[in-house]
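A.B. asks: got a predicted structure here, sequence first:
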Amino acid sequence: MNPGDLLTLNIEKVAHGGLCVARHDGVVVFVRHALPGETVEAKLISLAPGKRSWFAQTTKVIRASSHRIQPKCEFFKADGCGGCDWQHSDSSFQREIKLQVLVEQLERFGQVPNASEISSVNSVEPSESNWRTRIRLVANEQGKWGFRKNRSHDVQVIDKCLIADNSINDVLKNLPDGNPDDEVLIVKSKEETVVYPVEQRAPSAPNAIQEVDGHDFAVAGDGFWQVHPGAASALSSQIKKSIKGLQVESFADLYAGVGVLAHSLLQEFPLAQGFVVEADRSAAQNAKINLKDFKNVQVVSNRVDRWIRSVKNKFDVVILDPPRSGAGQNVMQQVCNQTLQKIIYIACDPAALARDVLIAMKYGWKLETVVAFDLFPQTHHIESVAILVHE
């Protein structure tokens, strides 16, 4: 097997990361732009990490899945934009295969035998296109703007993005050429759509206003905010459902951003004593603004792993929304030891969630439910809300 070889492959299942799994002479091949159950011709691209498997690109569909559709974006092609993974699948099947990945990761890395029984996935409108409220662009050698190609530093020049909000595409059409390798963010807020040069990003960037269920939240214009316009509302609603029936007098919100999830809990329990912990100083400052009406809440600008070692408090509920790599052993151990009723874990990576669930299980917790939200249509990404309770 060598790069450039063309193979006829029977696609077995979906893999984590927007690829599908096939085998050739016992060797695993991760195939892009295929679907489970298909037979495709694919070109070998490169060895995967570990050098025991290969990456390949579909070049011809020999036997198509009933879920295959014609992609609507001209840049979704073998040598095109690397942003989307599943434009060749209908949206309902995209959610089905994302759920399969979630369950498989929980079973494999989390040792959760009933993962399929306790996991579900929901769509959030808009569920196909024009949902993305921020994009990051890079300029090619001629100064034209675009996205990186798949597994490459090369740039696919674009004049529009199928999944971007229409206001972002309007800005993109009139964006002056940049210098080679310049990068910009185009961000839509409640009030306007703004271009931010990436090299000039700073904690003092002007605030924008984002709205969630009738409440305004201050966030740095180029700071972190969920890119789907329905994301914050969907996650907030799930938080409220998960604490229904509890009596919450104390809580901690870890990796809290600008305080949206803490605000959700406080709408149900406004007198609860809380700690809201966020390492990013700009986000923590905005959390203070957003939660200023709750005098019983302390916003802490600190790394979670450092802060949690310094407190001995017990909390009725702990919410955590860690980065893609997960919370890890030390944080999860402390959370398990200091939580009295429920752990609410927001996850953007199923594998990291599974690893942290396994840690929690060793400290007497069990995974009760996982509700996933398809907040990133056409891509392999998914956001999950996992509820852990005492064994």
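C.D. replies: It's in.
A.B. asks: distance of the residue nearest to the spatial centre of the chain relative to L375?
C.D. replies: With distances taken as C-alpha atoms, centre = their mean, C348 lies nearest the centre of the chain, 3.8 Å away. Distance of C348 to L375, given as C-beta to C-beta, to the nearest Å: 9 Å. The way it works is simple: take the backbone N, C-alpha and C, and place the C-beta from them, glycine included.
A.B. asks: list the residues that contact both of these two?
C.D. replies: Common contacts of C348 and L375 (C-beta atoms under 8 Å, 6 or more residues apart in numbering): H381, I382, E383.
A.B. asks: report the beta-bridge partner residues of the last one.
C.D. replies: What that stands for is E383. Beta bridges link E383 to F373 when assigned by DSSP bridges.
A.B. asks: what's the burial count for it?
C.D. replies: Counted with other C-beta atoms under 10 Å, residues neighbouring E383 total 22.
A.B. asks: now for it: which residues touch it?
C.D. replies: Q226, A231, L235, I346, A347, C348, A372, F373, L375, F376.
A.B. asks: helix, strand, or coil at the third one?
C.D. replies: Yep, that's L235 we're talking about. helix (DSSP: H, G, I helix; E, B strand; the rest coil).
A.B. asks: do I have it right that the residue nearest to the centre of the chain meets H380?
C.D. replies: No. Counting by C-beta atoms under 8 Å, C348 does not reach H380; the two are 11.4 Å apart.
A.B. asks: list the buried residues for the longest helix seen in the chain?
C.D. replies: As assigned by DSSP state H, the longest helix anywhere in the chain is helix 91-109. Buried residues in helix 91-109, counted by 16 or more other C-beta atoms under 10 Å: 91, 93-95, 97-106, 109.
A.B. asks: okay, how far is it across stretch 110-129, tip to tip?
C.D. replies: Taking C-alpha to C-alpha, to the nearest Å, stretch 110-129 runs 33 Å from one end to the other.
A.B. asks: buried stuff in it?
C.D. replies: So for stretch 110-129, counting by 16+ other C-beta under 10 Å, buried means G110, V112, A115, I118, S119, V121, S123, V124, S127, E128, S129.
A.B. asks: that older thread, could you export the shared contacts of C348 and L375 to CSV, including columns for pLDDT?
C.D. replies: Supplementary listing: those in CSV, determined by pLDDT from 0 to 100:
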residue, pLDDT
H381, 97
I382, 97
E383, 98
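A.B. asks: nearest to K60, of those?
C.D. replies: H381 (27.6 Å; C-beta to C-beta).
A.B. asks: quick one: residues contacting the closest one.
C.D. replies: Counted by C-beta under 8 Å, 6+ apart, H381 has contacts C348, L375.
A.B. asks: again, 10 Å this time
C.D. replies: Residues in contact with H381 (C-beta atoms under 10 Å, 6 or more residues apart in numbering) are G17, G18, D85, K98, V227, R324, C348, D349, P350, D374, L375.
A.B. asks: per-residue confidence at the fifth one?
C.D. replies: According to the predicted model, the pLDDT of V227 comes to 95.
A.B. asks: bridging residues for F251?
C.D. replies: When assigned by DSSP bridges, F251 has beta-bridge partners G274, V317.
A.B. asks: okay, now it: neighbour count?
C.D. replies: F251: 26 surrounding residues under other C-beta under 10 Å.
A.B. asks: same question, the one 4 residues further on
C.D. replies: Neighbours of Y255 under the rule other C-beta under 10 Å: 20.
A.B. asks: surely it meets A262?
C.D. replies: No. Counting by C-beta atoms under 10 Å, Y255 does not reach A262; the two are 11.2 Å apart.
A.B. asks: list residues touching both of these two?
C.D. replies: What both Y255 and A262 touch, as defined by C-beta under 10 Å, 6+ apart, is the set V277, E278, I319.
A.B. asks: shouldn't the first one be within a strand?
C.D. replies: Yes. Checked against three-state DSSP, V277 lies within a strand.
A.B. asks: show me this protein divided up by domain.
C.D. replies: The record assigns the chain these domain ranges, following automatic domain parsing: 1-68, 93-126+212-216+225-390, 134-203.
A.B. asks: how about these, which one is nearest F75?
C.D. replies: With C-beta to C-beta, the closest approach to F75 among those belongs to domain 134-203: 5.5 Å.
A.B. asks: now N166. Nearest residue, chain neighbours left out?
C.D. replies: Excluding its sequence neighbours, the residue lying closest to N166 (C-beta to C-beta, 6 or more residues apart in numbering) is N130, at 5.7 Å.
A.B. asks: so what pLDDT did that neighbour get?
C.D. replies: 97.
A.B. asks: heads up, I number from 3, so please use that
C.D. replies: With 3 as the first residue, the last one maps to N132.
A.B. asks: for it, give me its contacts.
C.D. replies: Residues counted as contacts of N132 (C-beta under 10 Å, 6+ apart) are C163, L164, I165, A166, D167, N168, S169, I170, N171, P231, P379.
A.B. asks: whichever strand or helix holds V221 pairs with which strands?
C.D. replies: Per DSSP states H and E, V221 falls inside strand 217-222. Sheet pairing of strand 217-222 (DSSP bridges) gives strand 209-214 (antiparallel).
A.B. asks: list the buried residues of the partner strand.
C.D. replies: Within strand 209-214, the residues scored as buried using 16+ other C-beta under 10 Å are N209, A210, Q212, V214.
A.B. asks: stretch 377-393 too?
C.D. replies: 377-390.
A.B. asks: same question for stretch 36-55.
C.D. replies: Across stretch 36-55, burial judged by 16+ other C-beta under 10 Å covers A36, L37, P38, G39, E40, T41, V42, A44, K45, L46, I47, S55.
A.B. asks: cool, and stretch 130-146?
C.D. replies: For stretch 130-146, the neighbour count (16+ other C-beta under 10 Å) marks 130-137, 139-142, 146 as buried.
A.B. asks: from those residues, which land in strands?
C.D. replies: Using DSSP state E, the members of the buried residues of stretch 130-146 that fall within strands are R136, I137, L139, V140, A141.
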